[in-house]
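1. Okay, predicted coordinates and the sequence, questions at the end:
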Amino acid sequence: MTSGSALTFGTVLKSVNEQNFDHFKCAINIQSPANCSSDELALRQWGGSEITYNPSINVLAYTIPSLSIAEWGDPATIGVSVAPEYFFYS
């Protein structure tokens, strides 16, 4: 960011999107360049936990890896009794 630019939600979001795009080497999206599509990120996470095992922001308190969303808390509370992720079973 330049010294005169305002720190707004939009500038921070744009910066994070560009960081994710570079880190995960996402495909070019014509409608939104330098931004991973939600489908691409979801497929990378659902199929192989790539996002949680290789986060672009490597701060353990921010991105704690787990094998399954079933491990995030009490499954009865969140309604997930078995691991739904493909990666968990592979």
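-> Received the coordinates, thanks. Numbers count the residues shown, from 1 in each chain.
2. Just the buried residues of stretch 11-20, please?
-> 17, 20 (16 or more other CB atoms under 10 Å). Every C-beta, even on glycine, is put in place using the N, C-alpha and C of the backbone.
3. Residues contacting stretch 20-28, please?
-> Residues outside stretch 20-28 that contact it (CB atoms under 8 Å, 6 or more residues apart in numbering) are 34-37, 40-41, 44, 50-51, 54, 56.
4. how about 10 Å then?
-> With contact meaning CB atoms under 10 Å, 6 or more residues apart in numbering, stretch 20-28 is reached by 17, 29, 32-37, 40-41, 44, 50-51, 54-58.
5. Can you name the element that comes right after the longest helix belonging to the chain?
-> If you go by DSSP state H, the chain has its longest helix at helix 9-24. Scanning forward in sequence from helix 9-24 by DSSP states H and E, the next helix or strand is helix 38-48.
6. Pull out the buried residues from that next one.
-> 40, 44.
7. other SSEs contacting it?
-> Applying 3 or more CB pairs under 10 Å, 6 or more residues apart in numbering; DSSP states H and E, one finds that helix 38-48 makes contact with helix 9-24, helix 50-53, helix 86-89.
8. Could you dump those into CSV with mean pLDDT added?
-> As requested, the helices and strands packed on helix 38-48 are exported to CSV (pLDDT from 0 to 100):
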stretch, mean pLDDT
helix 9-24, 90
helix 50-53, 80
helix 86-89, 62
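9. Out of the ones you listed, flag the one nearest Tyr62.
-> helix 50-53 (11.0 Å; CB to CB).
10. relative to helix 38-48, how tilted is the longest helix of the chain?
-> Helix 9-24 and helix 38-48 are oriented at 40 degrees to each other (axes from the mean of the first three to the mean of the last three CA atoms, to 10 degrees).
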